[in-house]
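1. turn this into a model:
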Amino acid sequence: MAEIQIKNVAKRFGDYQALQDINLTIADQEFMVLLGASGCGKTTLLRIVAGLETATTGEVWIGGRRIDHLPPKDRGIAMVFQNYAVFPHLTVFENIGFGLRMQKLPDDEVKRRVERTATLMHIEQLLKRYSGELSGGQRQRVAVARALAMEPDVILMDEPLSNLDALLRMEMRAELKGVLAESKTTAVYVTHDQVEAMSMADRISVMHQGEIVQAATPIEVYRNPAAEFVAGFIGNPPMNFLPAKSAGKGKWEVAGEKIDGPSSNGDLKFAIRPEDLRPADKGFSATAKVIEPLGAHLLVTCDVDGSLFRAVLDSDLSVSAGDVLTLAPQADRIRWFDPATTQSVA
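-> Prediction:
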């Protein structure tokens, strides 16, 4: 069992509070993604789990054992870095087996583990080549194979795909998720890339200003954001927001339209994803400003009651800048936020 428990972890660098009272449980064999913009604290949290940083306060447990006082080598973890850290003067075999040699494992055990993980990563044909001769994608596979060969309880990955081109990243996302599921290893993966997070994670922890704002499955984070920040961060394009004023008895006035919503004593914010809008006879009056063809869809940036508003519409629709559209939101996809607390109310 390799459940990770992060309990009340905070980290301060001088006057800067990098992490604030983080509590997170990652299940055995779970693929957890820490997602957020640069500076949100995700890499700092990963490094604390790895033992490369020391928490100011709090505890880290793996498999029911407190490990935050242990050196990295005794924590049962392996790490894959953004720059791969592959030795160019060693062969692929020697790179994958480097940590095993450091542990003074017998030659036959080193050979078994190296060949097994090389096969998992589809690089068994490269074992005799020097890593300096490999492409970026091949070096990335070597770095992951080296980590898996250690048979760790936990594998930690810090933006390992960010140096690859878009097509190779897409290929490696699917491959990496499959390999980690097969190896039955608990994984913690840091990224700022929403697509990586949504496509790979069992759960996503969305981080902002040193805090975990929401930890949930990808579909839950996307469909039911717990806070306005999550709604505005997740999705490309992100959610649209409009001010909503109470019209009494669960009715809300939004951009001149009466919409059913939750009961609340104060004003709210209405939110809808661009793909959950459709042209209709009744709805928001939207003046098209910019039209971006995206293959099967059009991304139309509009003005709705003085607010920027985006809609993802069928590419067969004939629309030009300056046209006035009527856009209706899909009722069951509307979300509401309290502007004072920025938290979801429905």
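2. poorly predicted segments of the protein, please.
-> Within the chain, the stretches with pLDDT under 70 are 1.
3. what about the longest strand in it?
-> For the chain, the strand with the greatest residue count under DSSP state E is strand 277-294.
4. okay, that one in CSV with CA atoms only?
-> Provided in CSV are the C-alpha atoms of strand 277-294 (Å, rounded to 0.1, in the frame of the first residue of the first chain):
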residue,chain,number,x,y,z
LEU,A,277,-24.6,27.9,-25.5
ARG,A,278,-26.8,27.5,-28.5
PRO,A,279,-28.4,29.9,-31.0
ALA,A,280,-32.1,30.2,-30.1
ASP,A,281,-35.1,32.5,-30.5
LYS,A,282,-34.9,33.6,-26.8
GLY,A,283,-31.8,34.2,-24.8
PHE,A,284,-28.9,36.6,-24.4
SER,A,285,-28.4,39.3,-27.1
ALA,A,286,-24.8,38.8,-28.2
THR,A,287,-22.9,41.0,-30.6
ALA,A,288,-20.2,39.1,-32.4
LYS,A,289,-16.8,40.7,-32.3
VAL,A,290,-14.2,38.1,-33.3
ILE,A,291,-14.9,34.8,-35.2
GLU,A,292,-12.2,32.1,-35.0
PRO,A,293,-12.7,28.9,-37.1
LEU,A,294,-11.6,25.8,-35.2
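5. strands along the stretch 151-300 of the chain, start to end?
-> Shown for the stretch 151-300 of the chain, the strands assigned by DSSP state E, counting those that start in this stretch span residues 154-158, 186-191, 203-208, 211-216, 240-248, 251-254, 257-260, 268-272, 277-294, 297-304.
6. can you tell me the centre-most residue of the chain?
-> residue 197 (3.1 Å; CA atoms, centre = their mean).
7. hang on, it packs against residue 203?
-> No - the criterion here is CB atoms under 8 Å, and residue 197 misses it with residue 203 at 9.8 Å. From N, CA and C alone the C-beta is placed, and that goes for glycine too.
8. got any residues that touch both of the two?
-> Residues touching both residue 197 and residue 203 (CB atoms under 8 Å, 6 or more residues apart in numbering): 33, 218.
9. with distance to residue 138 and mean neighbour count added, can I get the strands of the stretch 151-300 of the chain in a markdown table?
-> Converted to a markdown table, the strands of the stretch 151-300 of the chain look like this (distance: least, CB to CB, whole Å; neighbours: other CB atoms under 10 Å):
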| stretch | distance to residue 138 | mean neighbour count |
| --- | --- | --- |
| strand 154-158 | 17 | 23 |
| strand 186-191 | 20 | 25 |
| strand 203-208 | 28 | 24 |
| strand 211-216 | 34 | 20 |
| strand 240-248 | 42 | 17 |
| strand 251-254 | 52 | 18 |
| strand 257-260 | 53 | 15 |
| strand 268-272 | 43 | 23 |
| strand 277-294 | 32 | 15 |
| strand 297-304 | 35 | 19 |
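10. can you redo those strands as a markdown table with distance to residue 100?
-> Shown next, in a markdown table, are the strands of the stretch 151-300 of the chain (distance: least, CB to CB, whole Å):
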| stretch | distance to residue 100 |
| --- | --- |
| strand 154-158 | 15 |
| strand 186-191 | 20 |
| strand 203-208 | 31 |
| strand 211-216 | 34 |
| strand 240-248 | 53 |
| strand 251-254 | 61 |
| strand 257-260 | 62 |
| strand 268-272 | 51 |
| strand 277-294 | 47 |
| strand 297-304 | 49 |
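11. how many residues are close by residue 70?
-> Neighbour count of residue 70, defined by other CB atoms under 10 Å: 14.
12. that one: what's it in contact with?
-> With CB under 8 Å, 6+ apart, residue 70 has these contacts: residue 51.
13. again, but for the one 4 residues further on
-> Residue 74 makes contacts with residue 67, as judged by CB under 8 Å, 6+ apart.
14. how close does residue 33 sit to residue 316?
-> 36 Å (CB to CB, to the nearest Å).
15. those two - which one has more neighbours?
-> Each of residue 33 and residue 316 has its neighbours counted (other CB under 10 Å); residue 33 has more, 25 against 8.
16. element containing that one?
-> Take DSSP states H and E as the rule and residue 33 turns out to sit in strand 31-35.
17. partners of that strand, with directions?
-> Paired neighbours of strand 31-35 in the sheet (DSSP bridges): strand 186-191 (parallel), strand 203-208 (parallel).
18. how about these in a markdown table, adding distance to residue 155?
-> Formatted as a markdown table, the strands paired with strand 31-35 follow (distance: least, CB to CB, whole Å):
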| stretch | distance to residue 155 |
| --- | --- |
| strand 186-191 | 5 |
| strand 203-208 | 16 |
